[in-house]
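Asker: Dropping a prediction and its sequence here:
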Amino acid sequence: MFEATALLFIYVETPLHPGTARGMGVVDLPIQRERATGYPIVQASSLKGRLRAEAAGKLPREELEAIFGPETVDASAHAGALSVGDARLLLFPVRSLAGVFAWTTSVDALARFQREAALVRARAAWELPASPEAGEAWVNGNALIAGESVVLEEFSFAPNQEQAATVQAIGTWLAEHALPQGDEYRYWRQALPRKLCILPEDAFRDFVLYGTEVQTHVRLDRNTKTVARGALWTTESLPVDTLLYGPLLATRSRKAGVDLAGAQAIERVAALGLARTQLGGDETTGQGMVALRLLRPAPARVSA
């Protein structure tokens, strides 16, 4: 039984590469994706490992093992109290002819978020209508409208403001509950409701499949200063201003001698004060910096 829950929002500040080893397609090092939808994710093991690394040295060793589990060599001793889910995609930035860029999403992605939010008892205060028609984009105001169209990358959509109140409600809720609350994010919190764009599911899927950043890397031969043989490769990353979310669920400690309730385990994670951390690969070149926001609903018990 899970005794306590929370929702972790992850806002990408520098390109994020949650890698999945070598790919079989045109990109040598692709990012992690869901099998059925192709939506980008950060796998739970990567996220939990990052939280554990941040907690090491800040928590007593006994509490660290009680919350996150023992080291791998002693993994059979007991399970950790904290269960971390995959971080899933909610908002994906796409270049816009008007307004510089739009935060895009779809009813499918929003419904998935509502389902996961319900798991941790963090109900979003907005209702979802049916999905936009093909070639249509739901917007709130004129910030993303160029002439008579919403133009994202090289694709044009007919703006529909009949659902403007819904777009406003979703953007306002996310600005208040998901985006970081520091002064440096004031502009982004104000911009989100007017730059949010809800797309048809197929259009959104295509943007998240083909609109990621692809960086080309080389290694030069020291003597000739040309690319060394076999040392040219490409890396895929999630772009800056992507928003993801993942559930945290906690049980009572299973470690002998450490009496921690599930709510206390979540509280220990919250007390780490993680405003920012680094996820994914290419850490030494400034990749993967993310801002974190923890949303904690009122304590209650839910079934595992």
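Answerer: Structure received. Numbering: from 1, shown residues only.

Asker: what sits against the closest residue in space to Tyr11 that isn't next to it in sequence?
Answerer: Take Tyr11 and drop its neighbours on the chain: the residue closest to it by CB to CB, 6 or more residues apart in numbering is Ala291, 4.4 Å away. Yep, even glycine has a C-beta here, placed from its N, CA and C like the rest. By CB atoms under 8 Å, 6 or more residues apart in numbering, the residues touching Ala291 are Ile10, Tyr11, Glu13, Pro180, Tyr185, Ala275, Arg276.

Asker: among these, which are in strands?
Answerer: Judged by DSSP state E, strands contain the following of these: Ile10, Tyr11, Arg276.

Asker: Can you give me the distance of the second one to Ala158?
Answerer: Computed with CB to CB, to the nearest Å, the distance linking Tyr11 and Ala158 is 30 Å.

Asker: And the two? Which one has more around it.
Answerer: Taking neighbours as other CB atoms under 10 Å, Tyr11 and Ala158 compare with Tyr11 leading, 22 against 13.

Asker: that older thread, closest one of the ones in strands among the contacts of Ala291 to Ala44?
Answerer: Ile10 (12.5 Å; CB to CB).

Asker: what number of residues lie near that closest one?
Answerer: Neighbourhood size, Ile10 [other CB under 10 Å]: 24.

Asker: same thing with Ser76?
Answerer: Ser76: 7 neighbours (other CB under 10 Å).

Asker: tell me which element it is part of?
Answerer: Following DSSP states H and E, there is no helix or strand that holds Ser76.

Asker: Give me the phi and psi for it.
Answerer: Ser76 adopts backbone torsions of phi -80, psi -10, taken as degrees, to the nearest 10.

Asker: Check the one 10 residues further on too.
Answerer: Backbone dihedrals for Asp86, given as degrees, to the nearest 10, come out at phi -60, psi 140.

Asker: That one contacts Pro40, doesn't it?
Answerer: No. Contact criterion CB atoms under 8 Å: Asp86 and Pro40 do not qualify, at 10.4 Å.

Asker: Can you pick out the residue with more neighbours from the two?
Answerer: Neighbour tally, Asp86 and Pro40, criterion other CB under 10 Å: the higher count belongs to Pro40, 24 against 18.

Asker: In this protein, where is pLDDT below threshold?
Answerer: Of all residues in the chain, those with pLDDT under 70 make up the ranges 21-25, 298-304.

Asker: bridging residues for the residue nearest to Pro180 when sequence neighbours are not counted?
Answerer: In space, Pro180 comes closest to Ala291 once its chain neighbours are excluded; the distance is 4.4 Å by CB to CB, 6+ apart. Counting by DSSP bridges, Ala291 is bridged to Tyr11, Arg276.

Asker: ok, Phe185 to Glu13 distance?
Answerer: To be clear, residue 185 is Tyr; Phe isn't right here. Going from Tyr185 to Glu13 by CB to CB gives 10 Å.

Asker: so what's Leu110 closest to, chain neighbours aside?
Answerer: Once flanking residues are discounted, Leu110 sits nearest to Leu128: 5.8 Å by CB to CB, 6+ apart.

Asker: residue ranges of the helices in the stretch 201-304 of the chain, please?
Answerer: Taking DSSP state H, counting those that start in this stretch as the criterion, the stretch 201-304 of the chain carries its helices at 201-210, 262-270.

Asker: Appreciated, that's everything.
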